[in-house]
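Asker: Pasting the sequence and the predicted coordinates here, then a few questions.
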Amino acid sequence: MSQRRDDEVRTMDLRLFLDIMRRRAWQIVGVTAVLVLMAVALITLSPSTYTSTAVVWVQPLTKQELGPNAATTVNMDEQVGLITQETIATGAAESLHLATTAESLDRLIDRVSVSSDVGTPFMNIHCTHSDPEAARACARAFAASYTVFRKQAAQQTAGVESSDGTSLTPNPEAAVLVTPASLPTDSNKSYPLVVVIAGLIGLLLGIGIALLRERLAEPVTDRETFADALVAPVLAVVPDASRRIEQPAAVSLSRPGSTPSEAYRIARTTLQHVASSGRMKVFAVAGLDGGADATKTTAELAIALAQGGRTVAAVSANLRKPALNRLLGVGSSIGLASVLTGEADLDEALIQTSTPGLSVIASGLTSDLPPELLDTDQMRAVVKELRSSFDFLLLDTAPQPWAADTLSLVPLTDGVIVTAVSGRTLRDDVARLRALVEGVGGQIAGGILKERPSRWHRGGAARAPARANAARTRDTGVLRPADESYEDGDGMADAAAG
């Protein structure tokens with residue numbers, strides 16, 4: 001049974017891979033074509049080189065060694081190494097009327113390569129040059145220099161006694177030029193080979209880019225995918241609580257026994273652990289869902305922390321679309337904007353809510369105020385004072401998490417809490433926000449993932465692949481019904497998993 005399941009998984013993985021290749025085909029083709037064109041352009045613009053080859057037959061130094069096994073008496077590896085030695089290179093340089101300085105010889109030797117087929121007495125001397133005539137002359141010079149060197153070595157054996165007492169006779173054909181170097185007509189540019197190699201590399205690169213883009217283009221669908229994109233802990237997974245109606249107040253106040261409320265209490269416990277380990281108390285809440293869930297998260301977390309016995313200040317630093325005061329049930333005429341413009345003191349704007357230990361600062365009247373108001377000494381002074389007065393300070397931020405007014409708050413905090421919507425928030429958006437936060441010296445403290453019913457998924461996330469727009473349960477992989485409610489006990493397992 002396990003083997004059959006593994007086979008089915010592999011089949012599904014292959015189908016998914018082929019589906020990605022089909023949808024990203026033009027991208028893969030484009031990357032491959034660009035790489036091939038670049039390789040062809042590079043080889044076309046590079047200087048042409050020509051290689052000429054001379055073949056020398058290497059024989060034993062003495063006639064006594066000649067015979068059926070003469071080829072095995074010569075160490076061809078040793079002879080191949082001799083070609084690029086100074087003695088033979090000097091002879092070749094003199095023949096070419098070149099200088100014999102060490103530097104000149106090194107340049108000449110760099111043009112030469114030598115090979116020998118295994119088991120044969122033939123040595124191939126190759127010389128490469130941008131001028132075909134010079135390449136032929138070079139190969140001829142090295143072949144001639146080696147031939148002279150080899151024959152001189154044979155002459156030195158004359159009169160030497162062998163092991164049996166007879167005198168050795170030099171072999172006058174110890175090295176014979178069998179194939180003189182010819183004038184090369186074709187350059188070393190190998191367009192077919194370059195195209196094949198560049199095509200293979202481009203194909204692999206294109207597939208890699210396609211898989212990466214596919215991964216980033218996918219929405220976060222569960223705790224694992226969100227944590228992977230966030231590179232930070234997920235504080236909680238919160239079930240959907242909207243039930244297709246507008247919530248006039250925080251769910252922790254209107255439905256304190258519901259599963260979402262329990263999920264926020266789990267988030268409180270996780271956040272307190274993260275905060276205590278890093279001595280953190282000031283957090284900005286940024287939403288990748290247009291800001292609505294960020295504001296709700298700020299309210300719900302503030303209530304949960306206060307209900308846990310902590311003193312909490314929730315500040316509506318969302319000057320674009322403020323709603324925190326409505327969720328917490330306080331007025332909005334005097335708020336953060338009033339403090340930053342000097343129209344009110346901080347104590348006047350700080351309002352105690354019905355939840356013991358929880359105070360809130362609304363946005364105030366913000367219609368004509370610029371977002372740059374948050375990047376001022378006054379805002380820094382507000383955060384500093386609230387930091388010293390409360391156990392936790394939560395800042396609700398603008399609907400666009402990469403807006404300047406949101407990022408200007410990051411350096412004032414100890415961490416950023418990111419909210420995302422399952423099946424809607426894209427992984428590359430999470431990665432982009434993380435990079436922006438880290439770019440201004442901040443850090444991601446954690447994330448809160450909001451779940452949605454499957455019917456909602458099919459209606460949204462137009463940019464995400466359709467196959468990822470349905471929310472699945474963590475353990476069974478079964479689609480949630482569109483009308484499934486998340487009252488008290490329902491979905492508790494998912495909330496506890498948060």
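Answerer: Ah, there it is.
Asker: Show the contacting residues for G442.
Answerer: Shown in contact with G442 (C-beta atoms under 8 Å, 6 or more residues apart in numbering): A284, V410, P411, T413, G415, V416. Yep, even glycine has a C-beta here, placed from its N, CA and C like the rest.
Asker: make it 6 Å
Answerer: V410, V416 (C-beta atoms under 6 Å, 6 or more residues apart in numbering).
Asker: do the same with the one 3 residues further on
Answerer: Contacts for A445 were tallied using C-beta under 6 Å, 6+ apart; they are V274, F283, G415, I417.
Asker: May I ask which of those residues comes out lowest in pLDDT?
Answerer: pLDDT across these is lowest for V274, at 89.
Asker: mind checking how far that residue is from G446?
Answerer: Distance, V274 to G446, using C-beta to C-beta, to the nearest Å: 6 Å.
Asker: Filter the contacts of A445 down to just the ones in strands.
Answerer: Among the contacts of A445, the members found in strands (DSSP state E) are F283, G415, I417.
Asker: Looks like the first one contacts I417 (just checking).
Answerer: Yep, that's F283 we're talking about. Yes - F283 is within contact range of I417, at 5.3 Å (criterion: C-beta atoms under 6 Å).
Asker: These two: who's more crowded?
Answerer: I417 (27 against 22; other C-beta atoms under 10 Å).
Asker: wait, doesn't that one sit right on A284?
Answerer: No - assessed by C-beta under 6 Å, I417 is found out of contact with A284, at 7.2 Å.
Asker: How far does whichever helix or strand G206 is part of sit from its chain's centre?
Answerer: Using DSSP states H and E, G206 falls within helix 191-217. Relative to its chain's centre, helix 191-217 lies at 15 Å (C-alpha atoms, centre = their mean, to the nearest Å).
Asker: Let me know the average pLDDT across it.
Answerer: The average pLDDT within helix 191-217 is 80.
Asker: following it, which helix or strand shows up next?
Answerer: Next along the chain after helix 191-217, taking DSSP H and E as the criterion, comes helix 223-230.
Asker: Return the angle between stretch directions for the following helix or strand past that following helix and helix 223-230.
Answerer: With elements assigned by DSSP H and E, the helix or strand that comes after helix 223-230 is strand 234-238. Counting by axes from the mean of the first three to the mean of the last three C-alpha atoms, to 10 degrees, strand 234-238 points 140 degrees away from the direction of helix 223-230.
Asker: Which elements pack onto strand 234-238?
Answerer: helix 223-230, helix 259-278, strand 444-450 (3 or more C-beta pairs under 6 Å, 6 or more residues apart in numbering; DSSP states H and E).
Asker: Any buried residues in the second one, and which?
Answerer: Spelled out, it's helix 259-278. Neighbour counts over helix 259-278 (16 or more other C-beta atoms under 10 Å) mark 259-268, 270-272, 274-275 as buried.
Asker: same check, this time on stretch 428-437
Answerer: D428, D429, V430, R432, L433, R434, L436, V437.
Asker: which pair in the residues you listed spans the largest distance?
Answerer: D428 and V437 (14.9 Å; C-beta to C-beta).
Asker: A181: neighbouring residues, count only.
Answerer: 24.
Asker: whoops, I mixed them up, H126
Answerer: Neighbours of H126 (other C-beta under 10 Å): 19.
Asker: quick one: low-confidence parts of the stretch 101-250 of the chain?
Answerer: By pLDDT under 70, the low-scoring segments of the stretch 101-250 of the chain are 159, 161-165, 213-217, 241-248.
Asker: do that again at 90, thanks
Answerer: Applying pLDDT under 90 to the stretch 101-250 of the chain picks out residues 116-121, 130, 150-175, 183-199, 202-222, 224-225, 228-229, 239-250.
Asker: At which residues are the helices of the stretch 301-450 of the chain located?
Answerer: For the stretch 301-450 of the chain, applying DSSP state H, counting those that start in this stretch gives helices covering 324-328, 336-340, 346-349, 377-389, 404-407, 427-439.
Asker: what's the answer for the stretch 51-200 of the chain, then?
Answerer: Using DSSP H, counting those that start in this stretch, helices in the stretch 51-200 of the chain cover 76-82, 86-95, 102-110, 132-155, 191-217.
Asker: right, so those helices: which one is the most enclosed?
Answerer: The highest mean neighbour count among these, using mean count of other C-beta atoms under 10 Å, belongs to helix 132-155: a mean of 21.
Asker: got the CA coordinates for that one in PDB?
Answerer: Output of helix 132-155 as PDB, limited to C-alpha atoms (Å, rounded to 0.1, in the frame of the first residue of the first chain):
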ATOM      1  CA  PRO A 132      47.500  30.300 -39.700                       C
ATOM      2  CA  GLU A 133      51.000  30.800 -41.200                       C
ATOM      3  CA  ALA A 134      52.500  31.400 -37.800                       C
ATOM      4  CA  ALA A 135      50.700  28.300 -36.400                       C
ATOM      5  CA  ARG A 136      52.200  26.200 -39.200                       C
ATOM      6  CA  ALA A 137      55.700  27.600 -38.700                       C
ATOM      7  CA  CYS A 138      55.500  27.100 -34.900                       C
ATOM      8  CA  ALA A 139      54.400  23.400 -35.300                       C
ATOM      9  CA  ARG A 140      57.200  22.800 -37.800                       C
ATOM     10  CA  ALA A 141      59.800  24.500 -35.600                       C
ATOM     11  CA  PHE A 142      59.000  22.400 -32.500                       C
ATOM     12  CA  ALA A 143      58.900  19.200 -34.600                       C
ATOM     13  CA  ALA A 144      62.300  20.000 -36.100                       C
ATOM     14  CA  SER A 145      63.800  20.900 -32.700                       C
ATOM     15  CA  TYR A 146      62.600  17.700 -31.100                       C
ATOM     16  CA  THR A 147      63.800  15.600 -34.000                       C
ATOM     17  CA  VAL A 148      67.300  17.100 -33.700                       C
ATOM     18  CA  PHE A 149      67.200  16.700 -30.000                       C
ATOM     19  CA  ARG A 150      66.200  13.000 -30.300                       C
ATOM     20  CA  LYS A 151      68.800  12.200 -32.900                       C
ATOM     21  CA  GLN A 152      71.500  13.900 -30.800                       C
ATOM     22  CA  ALA A 153      70.500  11.700 -27.900                       C
ATOM     23  CA  ALA A 154      70.800   8.600 -30.100                       C
ATOM     24  CA  GLN A 155      74.400   9.700 -31.200                       C
END
